[in-house]
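A.B. asks: here is a sequence with its predicted model. Questions after.
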Amino acid sequence: MLDAMLDGGISLGKITEFFGVPGIGKTQICMQLAVAAHIPESLGGQGGEVVYMDTEGSFMIDRLVDMATATVKHFQELGGPQGSSDDVLQLSVGDILSGIHYFRCHDHVELQATIHLLPSFLKDHSKVKLVIVDSIASPLRHSPDDPSLRSQLMASLAQTLNRLASQFQLAVVLTNQMTTRVKPSEGTSFLVPALGYSWGHACSVQVLLHWQEEERCALLYKATSTPSHACKYRIKLEGIRDTFTISEPVLSSGEHDANTSEPATSSLRENQELTTVAATPDDLSIGGKMSGANPPAKRQNVT
Amino acid sequence: MDISCLHFDSTVVHALKKARLTDQGSIMRLSNHEVELMTGLSSDEVQSVKDAIAVSLAPSKRHLTALDLYTTRDKSLQQWKLSTNCPRIDKLFRGGMPSGTISEVTGESASGKTQLCLQLCIGIQKNVEHGGGAVYICTEDAFPSRRLQEIIKHNSSSESDRKFGDHIFVEHVADFETLDSCVKYKLPVLLRQRSVRLVVIDSVTALFRCQYDVSQTVERAKHLNGFSSLLRRLAADHNIPIVCVNQVSSDMSQGNCSNAVTPALGLAWANQVTCRFMLSKPVPSVEHFLRESDNVRVKEASGLRTYRMLKVVFAPHLPQSETPVYIDRCGMHGILV
């Protein structure tokens, strides 16, 4: 579902931002993406490596191992019976983990320095397809105190990330926090993404994660190529998964089929989050075809 | 930081100084083009200056892959969990409180927050690999040392265990100045010298709640941010868990007079904590949590104990879940495995 909402997954060459209240699953999505990026091209993934910049210390290695194990197991089950391709067998948890380059940045200075050094790092590691910053907000919110310095810093970070994304054709995923804005005139308060309005211009895709009663819900907040709509998801041991109730009838019938079938199907599609969107004009035409960029064959195998 | 600690060419240094760009951070913030304009240096020179600065500012450790993190034997990198000294709660927490981050224990008064923290202080000393002493910062009440002694007495199996109390450093703090200086100066020293491996702040709420009034939420948020980033830095640098106790406030958003509560201090604080655990007041019965088949548990539950609920509100490594717990002379225990 998330894939469908994002029109096939996270776009290469663009900045995608997830924001939401604490505990909604931003970090989970990042980890899931970090694992999903390793899915080989033959299975509709990118077969790429990942740079993971952690500014909050919320990167839990155990959790990542859970997800990687689940993904590997899933593909083995999927490929097993029908004399799988070599790619499937090659994908192991160790490979996934060794393809995730982890940087711990404590403050904005370290973050900026790390991002500045990324181009040379990326030249050495040409397989990197995804850069994750979890979260962009926390180092920028504390400091620097001077607002003008802060906006200068934010602008330069956004600029660098944008340039990286297009230069190396990689996806950049950021997470942002929420903050309360009070309207003094009305005495009400509401939640807005942190870092202010100017930051919103930096990202080409924004996804709002929020609670809807007891369910997690994702809303496409800003996007250039897809209409805005919402979907529900839940977090399981293996990672982010669909809920089986469909919130938006906008989706094409293909999606319905996928959702009413075996759970394995939906998780397969979830794992395809990194499929490129802008690659072919065909992909841009019909929303429903999207996440199935190439897995239709696989999908039938499962069901 | 000044640029003089980096060894640039004298002409470069001169040009930078002339443009009053002597601070590494400020150079990094500017784009290459701006620096060129300000200093008149060539673009190659500017690029090399920025590269050198970035290298010096970047986190010193070489980059790691997730596999390195998973298999590392280096204690300072290994992520470890602080045991709660109760195997059942540990199971719920997948080992306990994670190191390197801020965990929060929240709940109404008399829900057992302090009990859990005391138990963590014991748990840290039982940890062979990563263990050590604890610092307990009290802002609300006097440190419950008699209760601690009681827990120690009922938990100790050997003579050395009875010395648990000797490794808990207690600090009473009544205002921000003391708290700030404690976190800024005392803690780092203690962490370096005395092999302290756990910091408990009981509670963060008390001071932030009473010293700011409603109209000062912005200042409060700023202060909280600064304070929590200090804590996070400490937690990460020393690879230790920091546990903060938070109070609750009534949830007004429902518009009703139910007993719903939310953790205090709002989003400004919630954004800073990595794991949030919530304890709730005694529940009358836990029977519906127990399965008929399990005789032991039913027997356990049929006693005269009062049960509280321990809930994982959010944590990157845990699903949302809850378990009933009870408190007796030895401390807090879970009943559902």
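C.D. replies: In hand now; what should we look at?
A.B. asks: can you report how many residues neighbour residue 57?
C.D. replies: Chain wasn't specified; assuming chain A. Residue A:57 has 23 neighbours, counted by other CB atoms under 10 Å in any protein chain shown. Any C-beta I mention is one placed from the backbone N, CA and C, and that applies to glycine too.
A.B. asks: let's do chain B instead
C.D. replies: Residues contacting residue B:57 under the criterion other CB under 10 Å number 21.
A.B. asks: got the confidence number for it?
C.D. replies: We have a pLDDT of 73 for residue B:57.
A.B. asks: spatially nearest residue to it, not counting backbone neighbours?
C.D. replies: residue A:113 (3.8 Å; CB to CB, 6 or more residues apart in numbering or on different chains).
A.B. asks: I figured that neighbour hits residue B:54, correct?
C.D. replies: Yes - using CB atoms under 8 Å, residue A:113 is in contact with residue B:54, at 4.2 Å.
A.B. asks: one step back: quick check, the residue nearest to residue B:57 in a helix?
C.D. replies: Yes - Residue A:113: assigned to a helix according to DSSP: H, G, I helix; E, B strand; the rest coil.
A.B. asks: what's near enough to touch the residue in chain B that chain A sits nearest to?
C.D. replies: Taking CB to the nearest CB, chain A has its nearest neighbour within chain B at residue B:314, 2.6 Å off. Contacts of residue B:314 were listed using CB atoms under 8 Å, 6 or more residues apart in numbering or on different chains, and they are A:22-24, B:275-276, B:320.
A.B. asks: and it, how far from residue B:326?
C.D. replies: Noted for residue B:314: a distance of 24 Å to residue B:326, by CB to CB, to the nearest Å.
A.B. asks: what of residue B:144?
C.D. replies: Using CB to CB, we find residue B:144 at a distance of 18 Å from residue B:326.
A.B. asks: also residue B:172?
C.D. replies: For residue B:172 relative to residue B:326 (CB to CB), the value is 29 Å.
A.B. asks: ok, how many other residues are close to residue B:90?
C.D. replies: 18.
A.B. asks: now do residue B:182
C.D. replies: Neighbour number of residue B:182 under other CB under 10 Å is 17.
A.B. asks: would you agree it is in contact with residue B:171?
C.D. replies: Yes - counting by CB under 8 Å, residue B:171 is a contact partner of residue B:182 at 5.8 Å.
A.B. asks: overlap in contacts, those two.
C.D. replies: With CB under 8 Å, 6+ apart as the test, residue B:182 and residue B:171 both reach residue B:137.
A.B. asks: that older thread, more neighbours, residue B:172 and residue B:326?
C.D. replies: Shown here are residue B:172 and residue B:326; by other CB under 10 Å, residue B:326 has more neighbours (18 against 14).
A.B. asks: so where do the strands sit in the chain?
C.D. replies: Unless you meant another one, I'm taking chain A. A:15-20, A:49-54, A:100-104, A:128-134, A:171-176, A:178-183, A:188-193, A:205-212, A:215-222, A:230-236, A:239-242 (DSSP state E).
A.B. asks: my question was about chain B
C.D. replies: B:64-65, B:81-82, B:97-98, B:102-107, B:133-138, B:168-172, B:196-202, B:242-246, B:248-250, B:261-263, B:275-283, B:307-314, B:321-328, B:331-334.
A.B. asks: tell me, which of these is the model least confident about?
C.D. replies: Mean pLDDT across the strands of chain B is lowest at strand B:64-65; the value there is a mean of 72.
A.B. asks: quick one: list the elements packing against that strand.
C.D. replies: Other elements packing on strand B:64-65 under the criterion 3 or more CB pairs under 8 Å, 6 or more residues apart in numbering or on different chains; DSSP states H and E are strand A:100-104.
A.B. asks: wait, does the strand it packs on contact chain B?
C.D. replies: Yes - using CB under 8 Å from any CB of the partner chain, we find that strand A:100-104 touches chain B at A:100-104.
A.B. asks: looking at the residues you listed, which is nearest residue A:45?
C.D. replies: Here the nearest of the residues of strand A:100-104 next to chain B to residue A:45, counting by CB to CB, is residue A:100; it sits at 14.3 Å.
A.B. asks: would you pull up the residue in the stretch 1-150 of chain A closest to chain B?
C.D. replies: Counting by CB to the nearest CB, the stretch 1-150 of chain A gets nearest chain B through residue A:23, at 2.6 Å.
A.B. asks: I'd say that residue and residue B:312 touch.
C.D. replies: No - assessed by CB under 8 Å, residue A:23 is found out of contact with residue B:312, at 9.5 Å.
A.B. asks: for these two, list the residues in contact with both.
C.D. replies: Shared contacts of residue A:23 and residue B:312 (CB under 8 Å, 6+ apart): residue B:276.
A.B. asks: and the helices in the stretch 1-150 of chain A?
C.D. replies: A:2-5, A:26-36, A:61-79, A:86-90, A:93-98, A:108-124, A:137-142, A:147-167 (DSSP state H, counting those that start in this stretch).
A.B. asks: who's in contact with residue B:165?
C.D. replies: By CB under 8 Å, 6+ apart, the residues touching residue B:165 are B:145, B:148-149, B:152.
A.B. asks: measure it to residue B:182 for me?
C.D. replies: Distance from residue B:165 to residue B:182, counting by CB to CB: 20 Å.
A.B. asks: try residue A:78
C.D. replies: For residue A:78 relative to residue B:182 (CB to CB), the value is 55 Å.
A.B. asks: do the same with residue A:151
C.D. replies: From residue A:151 over to residue B:182 (counting by CB to CB), the distance is 34 Å.
A.B. asks: what's the answer for residue A:31, then?
C.D. replies: For residue A:31, the distance to residue B:182 equals 35 Å [CB to CB].
A.B. asks: and if you look at residue A:108?
C.D. replies: With distances taken as CB to CB, residue A:108 is found 25 Å from residue B:182.
A.B. asks: bridged to residue B:168, which residues?
C.D. replies: Here residue B:168 sits in beta bridges with residue B:134, going by DSSP bridges.
A.B. asks: for it, list the residues it contacts.
C.D. replies: B:121, B:133-136, B:148.
A.B. asks: reformat those as TSV; add neighbour count.
C.D. replies: Formatted as TSV, the contacts of residue B:168 follow (neighbours: other CB atoms under 10 Å in any protein chain shown):
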residue	neighbour count
B:121	25
B:133	20
B:134	26
B:135	25
B:136	25
B:148	21
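A.B. asks: name the nearest of these relative to residue B:108.
C.D. replies: For the contacts of residue B:168, the closest approach to residue B:108 (CB to CB) belongs to residue B:136, at 21.1 Å.
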